[in-house]
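Visitor: Sequence first, predicted model second:
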Amino acid sequence: MKAVRVHDLTGDLSGVELVDIPDPVRTEGEVLVRVRAASLNYPDLLMTQGKYQFKPELPFTSGLEMAGEVIAAEPDSGFVPGDRVMGGAKTGAFAESIALPPSALRHIPEGLDFPQAAAMGAAYQTAYVALVELGKLEAGQTILVHGASGGVGLAACDLAKALGAKVIAASHSAGKLDRLAAASGAEAVISNQGRFREDVSALTNGRLCDLVFDPVGGDVFDESTRCVTFGGKLLVVGFVAGRIPEIAVNIPLIKGFSIVGVRAGEYSRRFPERGARIAQELDDLASSGRITPHIDRILPMSKWREAFEAMQSGEVFGKIVLEP
């Protein structure tokens, strides 16, 4: 079968290629799935460079998440051939088929096609763990979402709106602001280049934000410490900007806010019952039409390089999906 394989860790994708590898062999207890769509996530890019916290042994097949049809499964797995499923693992999704344990899969909610299902999992799980599980989001609260034009950022905007929050969507790209205003459903859209605290203050009548969702880091984090209301939370999701920021602990002490680290995948692994509940609640929201993944483009897997380079250059608006 065809698969996107990483055989060397480099900064320019020269260690990645589309190759033929043997079809996966389903071991006892696993579910064999024909991949119909797989979505690109930022950790997929980082793993090609050896910069992600999880460092798989080389060579490996890239791809965190996918959607497809069950080919074969154990009778007691909860799945039968032909079932439409979504899920994944830390690697392996960018291939024509994949074998996974039943716990790594779930049925696709009604109303979602394969690309939407592939684009939903990691982004919305991250948003839910950050905003609801750790941020304790309540209806009526004001949320500042950075990186709002990315897959995770748009998921956070979409979920927060569905749960009754007021959303301020922020992006560093001036060219994306108009598009973001239409796609995010946010009450307001701002640029997060430079000093944006005054914009946030003006939009909230000086109250600032209950939650700040930050997958960017760097200067955005530094300025965000000035945007959290007393008793609020600054949710650290990632460091797309490249610089891991530091903070003097007297700042959150004096300003009365919390800094919370978000590792959504690890959260669900450590608390599997909560992870299952989160998945079910997201599926219910999706099947009722209250949340819908935003897809930037759908590409054949042969154009994997275009997908990775678009993410590397920050040209993605939502999620990129690859189809075998």
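Guide: All right, it came through fine.
Visitor: Between the two ends of stretch 107-123, how far is it?
Guide: Distance across stretch 107-123, first residue to last, is 17 Å (CA to CA, to the nearest Å).
Visitor: What lies in contact with it?
Guide: Residues outside stretch 107-123 that contact it (CB atoms under 8 Å, 6 or more residues apart in numbering): 36-39, 41, 64-68, 79, 83-88, 93, 151-152, 154-155, 264-265, 282-284, 286-287, 289, 292-295, 298, 318-319, 321, 323. Quick note: C-beta positions are derived from backbone N, CA and C, even for glycine.
Visitor: Tell me which residue is most central in the protein.
Guide: Taking CA atoms, centre = their mean as the criterion, residue 123 is the residue nearest the geometric centre of the chain, at 2.5 Å.
Visitor: ok, it to residue 141 distance?
Guide: Note on residue 123: its distance to residue 141, by CB to CB, to the nearest Å, is 21 Å.
Visitor: What of residue 32?
Guide: From residue 32 over to residue 141 the distance is 44 Å, taken as CB to CB.
Visitor: just residue 63 next, same as before
Guide: Distance of residue 63 to residue 141, computed by CB to CB: 35 Å.
Visitor: who has more neighbours, the two?
Guide: Neighbours per residue, other CB atoms under 10 Å: of residue 63 and residue 141, the larger number sits with residue 63, 28 against 20.
Visitor: For the more buried one, which residues are in contact?
Guide: For residue 63, the set of contacting residues under the criterion of CB under 8 Å, 6+ apart consists of 4, 38, 40, 44, 88, 91-95, 322.
Visitor: Which ones among the residues you listed lie within helices?
Guide: Among the contacts of residue 63, the members falling in helices (DSSP state H) are residue 44.
Visitor: still on that earlier bit, now do the SS call for the residue nearest to the centre of the chain.
Guide: Secondary structure of residue 123, reduced to three states by DSSP: H, G, I helix; E, B strand; the rest coil: helix.
Visitor: Kindly report the same for the one 3 residues further on.
Guide: Reducing the assignment at residue 126 to three states with three-state DSSP gives helix.
Visitor: Could you report the neighbour count for it?
Guide: Each residue near residue 126 was counted by other CB under 10 Å, and the total is 27.
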